[in-house]
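*Asks:* with the sequence up front, the predicted model follows.
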Amino acid sequence: MRAIITVTGKDTTGIIARVCTCLAENDVNILDISQTVMQEFFTMAMLVELEKSKLGFSELSDALAAIGESMGLVVRIQREDIFTRMHRV
């Protein structure tokens, strides 16, 4: 299964490192990544593959949310099919 991870909040050192370390430690493969900083605000979107993940979807979601909370960010994960349906015009 593929999913979209979004990260938003005030820019600070280590955001990409913390999120990517969590994914690597849990065998989540990053397929595509885009990030930008607009003035002091950080945004990142990632397409990931969860097929070999050590964590279930809910556990991974909780782990990512905890990283976000500890860094003052919002980190969310959505299944690709749900994300696509929500953003269909």
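*Replies:* Good, I have the coordinates. Residues are numbered from 1 along each chain as shown.

*Asks:* C-alpha from now on. contacts and neighbour counts both.
*Replies:* OK.

*Asks:* can you give me the helices in this protein?
*Replies:* 15-25, 57-71, 80-86 (DSSP state H).

*Asks:* which stretch in those helices is the model least sure about?
*Replies:* Mean pLDDT per stretch puts helix 80-86 lowest among the helices of the chain, at a mean of 79.

*Asks:* can you give me the buried ones in that helix?
*Replies:* By neighbour count on 16 or more other CA atoms under 10 Å, the buried set for helix 80-86 is Glu80.

*Asks:* do stretch 65-85 as well
*Replies:* Quick answer for stretch 65-85 (16+ other CA under 10 Å): 65, 67-68, 71, 73-80.

*Asks:* list the contacts of it.
*Replies:* Contacts of stretch 65-85 with the rest of the structure, by CA atoms under 8 Å, 6 or more residues apart in numbering, involve 1-10, 15, 18-19, 61, 64.

*Asks:* just give the nearest non-adjacent residue to Ala45, would you?
*Replies:* Nearest residue to Ala45 in three dimensions, chain neighbours excluded: Thr6, at 4.6 Å (CA to CA, 6 or more residues apart in numbering).

*Asks:* bridging residues for that neighbour?
*Replies:* For Thr6, the beta-bridge partners are Ala45, Arg76 (DSSP bridges).

*Asks:* among the buried residues of stretch 65-85, which pair sits farthest apart?
*Replies:* Using CA to CA, the two most remote members of those are Met71 and Glu80, lying 25.1 Å apart.

*Asks:* and Ala45, how far from Val19?
*Replies:* Ala45 is 11 Å from Val19, where distance means CA to CA, to the nearest Å.
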